[in-house]
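# build the 3D model from these lines:
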Amino acid sequence: MSEINKIGVIGGGAWGTALATVAARCGHDVLIWAREAEVVDAINQTHENTVFLKDIPLADTIRATGELKALADRDALLAVTPAQVLGEIAAKIAPDLPPGMPFIICSKGIDQKTGMFMADILRRAAPDTIPAILSGPSFARDVAKSLPTAVTLACEDEALAHDLANALNHVTFRPYVSTDVLGAQIGGAVKNVIAIACGIAEGKEFGASARAALTSRGFAELQRFGTALGAKPETLGGLSGLGDLILTCNSAQSRNMSLGIELGRGRPLEDILGSRNSVTEGVYTASALVERAKALNVEMPISSAVHSITSGKASVNDAITELMSRPIRSEAG
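Numbers count the residues shown, from 1 in each chain. A predicted model of the protein is given here:
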């Protein structure tokens with residue numbers, strides 16, 4: 001493909017803004033599309049996303065727009081929308097895009113309505129684009145502050161994967177290349193659900209041992225699920241899998257873990273979600289994840305417990321009791 005000089009970012013939340021800072025540091029002209037007019041105005045007038053990422057100054061080479069089609073002249077796009085609306089937004093911009101536009105999906109989740117992963121959602125909504133996945137252990141504020149971060153960038157076209165990785169490679173932001181597009185999506189989806197479980201344990205003050213057990217057994221669920229779908233073991237054990245799981249399950253910076261903490265302390269889910277200005281993906285992914293696991297005949301008891309809680313089918317205490325009362329079995333199973 002031609003040289004990448006102009007980057008478009010679809011989504012003006014904290015993560016989209018953080019990735020825009022990466023692209024700007026790499027010398028690119030960056031245009032962010034944001035749904036919120038106040039985000040567009042703040043970025044263009046004060047060079048700061050005062051709504052979603054306060055106190056992080058943005059380069060002059062980062063601009064914002066409320067017109068989605070304004071991103072059509074970019075050399076590559078970073079899609080940083082909530083997972084559940086990716087298809088809708090991709091379909092809106094698709095008619096304006098040239099064939100072969102690299103479309104780097106940075107959303108983590110499974111579509112609730114269809115049970116599809118994000119790359120398949122994109123292929124259906126914008127079939128002339130080339131899907132890629134950017135995923136890994138990365139908090140928006142850490143990345144925006146230039147703290148060292150490593151991620152996975154997956155694309156079935158290996159040469160294009162290298163081009164995209166080089167375009168985003170910075171001394172503080174290191175993408176590792178993969179062609180396992182499916183595998184790179186699995187970790188990001190599953191870890192959000194497991195992080196809610198770890199947050200619940202934290203909120204219940206169960207201690208570090210319980211959190212370590214949940215993280216370890218959560219990784220076993222991630223591996224079983226990913227293997228059943230044909231993901232590569234090295235992807236599941238890499239940055240987009242184990243790496244992202246470790247980060248998200250061990251810090252209240254994670255929206256999913258922090259939601260779990262509030263659930264563990266007894267706060268109703270509706271109140272928690274209503275008080276947030278950003279999406280907690282694990283709540284919406286849990287149902288789709290459990291349904292796909294059932295179809296594959298893959299046991300995912302922690303994920304199922306989280307789904308029972310977030311869907312209102314079980315209280316936190318009842319779900320914990322059921323999880324801890326399961327029959328003894330081999331750890332290898």
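# can you tell me the centre-most residue of this protein?
Within the chain, one residue has its C-alpha closest to the average C-alpha position: by C-alpha atoms, centre = their mean, that is K108, at 2.8 Å.
# so which strand or helix has it?
Here K108, judged by DSSP states H and E, is contained in no helix and no strand.
# what distance do you get for the closest residue to A72 other than its chain neighbours to A79?
What sits nearest to A72 in space, not counting adjacent residues and going by C-beta to C-beta, 6 or more residues apart in numbering, is D96, at 4.0 Å. Bear in mind the C-beta positions are built from the backbone N, C-alpha and C, glycine included. Relative to A79, D96 is positioned 15 Å away (criterion: C-beta to C-beta, to the nearest Å).
# when the two are compared, which one has more neighbours?
With neighbours defined as other C-beta atoms under 10 Å, D96 and A79 compare such that A79 has more, 26 against 13.
# may I have the phi/psi pair for that one?
With angles defined as degrees, to the nearest 10, A79 shows backbone torsions of phi -90, psi 110.
# mind listing what it touches?
With contacts defined as C-beta atoms under 8 Å, 6 or more residues apart in numbering, A79 is in contact with I10, G11, L86, I89, A90, F103, I104, I105, C106, S107, L122.
# in a markdown table, list those residues along with pLDDT.
Formatted as a markdown table, the entries for the contacts of A79 read as follows, by pLDDT from 0 to 100:
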| residue | pLDDT |
| --- | --- |
| I10 | 98 |
| G11 | 98 |
| L86 | 98 |
| I89 | 98 |
| A90 | 98 |
| F103 | 98 |
| I104 | 98 |
| I105 | 98 |
| C106 | 98 |
| S107 | 96 |
| L122 | 98 |
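# restricted to strands, list those residues.
Secondary structure from DSSP state E places I10, F103, I104, I105 of the contacts of A79 in strands.
# how about JSON lines for those, with distance to T61 and neighbour count added?
Rendered in JSON lines, the data for those read as follows (distance: C-beta to C-beta, whole Å; neighbours: other C-beta atoms under 10 Å):
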{"residue": "I10", "distance to T61": "18", "neighbour count": "28"}
{"residue": "F103", "distance to T61": "22", "neighbour count": "27"}
{"residue": "I104", "distance to T61": "19", "neighbour count": "26"}
{"residue": "I105", "distance to T61": "23", "neighbour count": "30"}
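# distance to T235 added to those, as TSV?
Putting those into TSV (distance: C-beta to C-beta, whole Å) gives the following:
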residue	distance to T235
I10	25
F103	20
I104	17
I105	15
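# closest to A165 among the residues you listed?
Distance ranking of the ones in strands among the contacts of A79 against A165, using C-beta to C-beta, places I104 first at 10.1 Å.
# give me the distance between the closest one and S287.
Relative to S287, I104 is positioned 26 Å away (criterion: C-beta to C-beta).
# cool, and A197?
15 Å.
# and these two? Which one has more around it.
For A197 against S287, the residue with the higher neighbour count under other C-beta under 10 Å is A197, and the figures read 32 against 18.
# could you confirm that one falls within a helix?
Yes: the assignment for A197, made by DSSP: H, G, I helix; E, B strand; the rest coil, places it in a helix.
# that one reaches G260, doesn't it?
Yes: using C-beta atoms under 8 Å, A197 is in contact with G260, at 6.4 Å.
# give the contact list for W15.
Here W15 is in contact with V80, C106, A140 (C-beta under 8 Å, 6+ apart).
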